Each structure stands twice: as structure tokens, then as C-alpha cells.
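Engineer: Sequence first, then the predicted structure:
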Amino acid sequence: MGKGASSSINPTILKKILLSYAYVGIWIFLSFSVIVYNKYILDPKMYDWPFPISLTMIHMLFCSSLAFLLVHAFHFVDLPSSMTREVYLNSVVPIGALYSLSLWFSNSAYIYLSVSFIQMLKALMPVAVYSISVLFRKESFRSDTMANMLSISFGVAIAAYGEARFDSWGVALQLGAVAFEATRLVLIQILLTSKGISLNPITSLYYVAPCCLAFLFVPWVLVEFPVLRETSSFRLDFVIFGTNSLCAFALNLGVFLLIGKTSALTMNVAGVVKDWLLIAFSWSVIRDMVTTLNLIGYGLAFLGVAYYNHSKLQAMKAKEAQKKSTQADEEEGGLLEDREGEGIGRKSDSQA
């Protein structure tokens, strides 16, 4: 009987494990593809189309159109009823502005920096998110957490010192992208999550992508449009840009699939694996130089990020355990009240 029970459970567990790995693999592949594809398009030594604002606008136009079709034509997801005009203007518009700046700056960095070095700089994201969360009083200041943030920063500084193709303007762009993205993530918690508004990647694109397109239009007209108009580079390869935009949209669906079927922490761990794969790819295929100091510095930053993720996991477990304990106490208190009520009722009946 025991063997039969175990044989009936194991296939289900195995299926869940295999599916989890499949979701992680899909997300890593899509994220990997978008990063390498953007690098290929923007890098002057490759496709040589160094117009990051234009590329970002193409992505946003494509994503807006597909999101609109999925919502209104195919009814794939429902729009939240709590999304009023006031909420959109006060919450979504600031988030869209930050997202447009984050995408613009991060795509611009591919022109100046190697893929591997950009991934190393992205290790500063937990530092930026924690610092801004403390600034906005979403998290309390803890000396041990700040020490961990400093260790990550120290590791990234070593990696930057050892970078063979160091470009100060490229580094400034990538650090700006990290700062804008971290602020956006914190504002999502403040302006949307705290109000009970939950957006999946499709509804996020439905609301945010048109907003990004509008914000990017002004710098595009001032910076890139005059250059595109005066050069022969003003062309649109529908195969290249169509598949690139499709990859960007699929990545958003991949995020939805991965977090929905596993957890946000799984995505963070998968992101670390993806970063190491990109560093290896950048070194072996693109032939970017990765120095020993690069690896030592990123190794230190990686340990700091891993410890940060571990701390967040322990905090989540403790919070969940406390929640279950509170629920159990409330249920037990309710049972005691019911029993006391029954006892009083019986006593009243006997006295009658």
C-alpha cells in the first residue's frame, strides 16, 4: 500500500519540478535573447544602428499594439476596475516616465559597454532598491543590510576597475538606468500595490507602454530624428526589428509565467544564472575581454546578492509562519468562544 501511494505521488512531484525548470529555462532564454539582440542592433561593430530611443519606441509601439489586442480583441486578461483616470495620472504616468528613462539609458549603454560588464553593473540593483526604499520609508534602515549593500558595491567597484573597455559615459548611463529602474520598482509598491492595484505584464504594458512612447517622443524628436532624417540609416528592417520586438514582448509574458508558476525569488535566482551565462557568452562568442579582476569583483558582488536573496527568503518564511500562527490563534479563540456560548446555553436550559 505504501509503495502504491509513493508511486502515485512521485510522477506529480516530478512533473512540477520539470515544469518549474521549463519556466526558468524559457525566461532565461528570452531574457538572454533580448539582451544579446539589443546589443547586436545597437553596437557600431555589429548591425550598427545606434539609436536607442528609436529602438525603445519601436518596442513600446509593438507591445502597446499587442497588449491592446490581447485585452480588447482576444479578452486574454481583464483590466482592473480600480484603475481610474485619477489613479492613472497620479500613479501610472510617473511609473511610465521612470520606465522610459530606464529603458532609454540601459539600451544606450550597449553602445559603449560590453554585455558582460553591463551585467556586472546590474548587480547594484539590490543596493539601489534598498537605498531608495529606506529613503521613501518603505524599509527600515538596518546596519547589517547596509553592510551587505556596501560589499556588493565594493565588488562592482573592483569589477569596474578591472574593466578593459571602461567608458565613463557608458557607466554613467547604466548606473542611471539602475537608479531609474529601482525608483520605478519602489514607486510600484507605493503608488499601486498599496492601493490594492495588481497588474500582470500584459495589463502593465497596456497602461505603461503608451505612456513610455509619449515620454520618449520629445527626446527622440530632439536627439535622434534629425540624425535619422539626414542619413541613410533611416530605414526599418521589419525582420530584424519585428523579431526583436516580439522577443521583448515574449519576455514580459515569460516574467508573468515564471512568477505566476513559481515565485519572484525563483526569478531572482534565475537572474543570477542568466548573468553568468551572459558573461560566458560575451567572452566566448562576442569576444569581449573579461579580466581576472572583473571576475573577482563580480564574484564578491554575486556573494552579496546571494546573501541578500537568502535574507529576503528567510524574512518571507518568518512572515508566513507568523501569519499562520495568528490565524491559528484566531481560530482557536473562536472555538473557545463557541464552546463557552454552548456551555452558557446549556446552563440556561438546565436552570429553566
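Structural biologist: Now that the structure is in, tell me what you want to look at. Numbering: from 1, shown residues only.

Engineer: residue ranges with poor pLDDT in the protein?
Structural biologist: 1-10, 232-235, 256, 259-265, 328-352 (pLDDT under 70).

Engineer: now the helices for it?
Structural biologist: Using DSSP state H, the helices of the chain run over 2-42, 52-68, 85-87, 93-112, 115-121, 125-135, 143-161, 168-187, 201-219, 225-230, 238-261, 264-284, 292-351.

Engineer: Please enumerate residues in contact with the third one?
Structural biologist: Going back to what we said before, that points to helix 85-87. Under the criterion Cβ atoms under 8 Å, 6 or more residues apart in numbering, residues 195, 197 lie in contact with helix 85-87. For glycine as for every other residue, the C-beta is placed from the backbone atoms N, C-alpha and C.

Engineer: Contacts only, for the spatially most central residue of the chain.
Structural biologist: Central residue of the chain (Cα atoms, centre = their mean): residue 255, 7.7 Å from the mean position. By Cβ under 8 Å, 6+ apart, the residues touching residue 255 are 27, 201, 267.

Engineer: Among those, which one is most surrounded by other residues?
Structural biologist: When neighbours are counted by other Cβ atoms under 10 Å, residue 27 leads these with 25 neighbours.

Engineer: close enough to count as contact, that residue and residue 258?
Structural biologist: Yes - counting by Cβ atoms under 8 Å, residue 27 does reach residue 258; the two are 4.4 Å apart.

Engineer: between those two, what contacts are shared?
Structural biologist: 267, 270.

Engineer: sorry, back to before: out of the helices of the chain, which comes closest to residue 78?
Structural biologist: helix 201-219 (8.3 Å; Cβ to Cβ).

Engineer: and the closest one, what does it pack onto?
Structural biologist: In this structure, helix 201-219 packs against helix 52-68, helix 93-112, helix 238-261, with contacts taken as 3 or more Cβ pairs under 8 Å, 6 or more residues apart in numbering; DSSP states H and E.

Engineer: could these go into JSON lines alongside distance to residue 220?
Structural biologist: Converted to JSON lines, these look like this (distance: least, Cβ to Cβ, whole Å):
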{"stretch": "helix 52-68", "distance to residue 220": "5"}
{"stretch": "helix 93-112", "distance to residue 220": "9"}
{"stretch": "helix 238-261", "distance to residue 220": "15"}
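
Engineer: Quick one: closest of the ones you listed to residue 286.
Structural biologist: Closest among those, once you apply Cβ to Cβ, is helix 93-112, at 11.3 Å.

Engineer: in the closest one, what's buried?
Structural biologist: Under the neighbour-count criterion of 16 or more other Cβ atoms under 10 Å, helix 93-112 has 93-112 buried.

Engineer: do stretch 229-249 as well
Structural biologist: Result for stretch 229-249 [16+ other Cβ under 10 Å]: buried residues 241, 244-245, 247-249.

Engineer: And stretch 31-48, by the same measure?
Structural biologist: 31-43.

Engineer: can the residues you listed go into TSV with extra columns for distance to residue 165?
Structural biologist: Listed next are those as TSV, based on distance: Cβ to Cβ, whole Å:
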residue	distance to residue 165
31	23
32	21
33	23
34	22
35	17
36	17
37	20
38	18
39	13
40	17
41	19
42	15
43	12
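
Engineer: From those, pick the one nearest residue 321.
Structural biologist: Taking Cβ to Cβ as the measure, residue 321 lies nearest residue 31 of the buried residues of stretch 31-48, at 32.4 Å.

Engineer: and the gap between the closest one and residue 191?
Structural biologist: Counting by Cβ to Cβ, to the nearest Å, the separation of residue 31 from residue 191 is 26 Å.

Engineer: and if you look at residue 323?
Structural biologist: 25 Å.

Engineer: thinking again about what came up before, closest to residue 313 among the contacts of residue 255?
Structural biologist: Lowest distance from residue 313 to these (Cβ to Cβ) belongs to residue 267, with 12.7 Å.

Engineer: Surely the closest one is in contact with residue 251?
Structural biologist: No - using Cβ under 8 Å, residue 267 is not in contact with residue 251, being 11.8 Å away.

Engineer: Spit out the residues that contact these two alike.
Structural biologist: With Cβ under 8 Å, 6+ apart, residue 267 and residue 251 have common neighbours residue 27.

Engineer: Now distance to residue 148 too, for the contacts of residue 255, in CSV please.
Structural biologist: Shown next, in CSV, are these (distance: Cβ to Cβ, whole Å):
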residue, distance to residue 148
27, 26
201, 30
267, 20
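
Engineer: Pick out whichever of these sits closest to residue 88.
Structural biologist: Taking Cβ to Cβ as the measure, residue 88 sits nearest to residue 201 out of the contacts of residue 255, at 17.6 Å.
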